[in-house]
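Student: Curious how this folds, go ahead:
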Amino acid sequence: MYWTSFVHEPWQMFMAATTNGLCFVGSANQPFEELEKWANNRLPGYRLVQDDEKMQTYAAQFAEYFEGRRTDFTLPLDLVGTPFHRSVWNAVYDIGYGRTYTYTDIAQRIRKPESVRAVGAAIGANPVLIVVPCHRVIGKNGKLTGYRGGLEMKAGLLQLEKDCSLSQFSIAYD
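Tutor: Sure, this is the predicted structure:
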């Protein structure tokens, strides 16, 4: 498993990929141990190898996202999770840039409206923050709720998307 440290001020996070695709994006400003722990739990037997060159394609798309030049990712993914997890992550993946859905919305999208708590747990297990944009999932009351990267990161990502959406709108009509 290849990894790199992605830095785009004020964001710093570790990301990893197998030969099949991106499999992990860490929380902002967390130590390497976050990646090591995830890898040991989810992909035991894989060895972590730093390879900034192999991770360049992933890092480039993240840089474009943080610069407001990318609204969706076109990266291969290698997601490790149960079929339920993957159904939730697919529904979350489809949330458009700058939009938000509630956990209830996601439960309804996967046709399991009674599974809101399980949806929340699956979202919490999302291994590829930002690409599978779980930061776009909010509480039914409109408030920010749990996020593996922390509520500060979640708020920052939503603000980034709001600011970029507004600037794109004003550029289109200037």
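
Student: right, and Val92 touches His135 too?
Tutor: No - contact criterion Cβ atoms under 8 Å: Val92 and His135 do not qualify, at 9.5 Å. Glycine gets a C-beta too; all of them are placed from N, C-alpha and C.

Student: joint contacts of these two?
Tutor: Common contacts of Val92 and His135 (Cβ atoms under 8 Å, 6 or more residues apart in numbering): none found.

Student: Between the two, which is the more surrounded one?
Tutor: His135 (26 against 22; other Cβ atoms under 10 Å).

Student: now that one: how far from Arg109?
Tutor: 17 Å (Cβ to Cβ, to the nearest Å).

Student: Repeat that for Asn126.
Tutor: The value you get for Asn126 to Arg109, if Cβ to Cβ is used, is 15 Å.

Student: who's more crowded, the two?
Tutor: Asn126 (25 against 18).

Student: secondary structure element for that one?
Tutor: Assigned by DSSP states H and E, Asn126 falls within no helix or strand.

Student: you'd agree it is up against Trp89?
Tutor: Yes - with contact defined as Cβ under 8 Å, Asn126 counts as touching Trp89 (5.9 Å).
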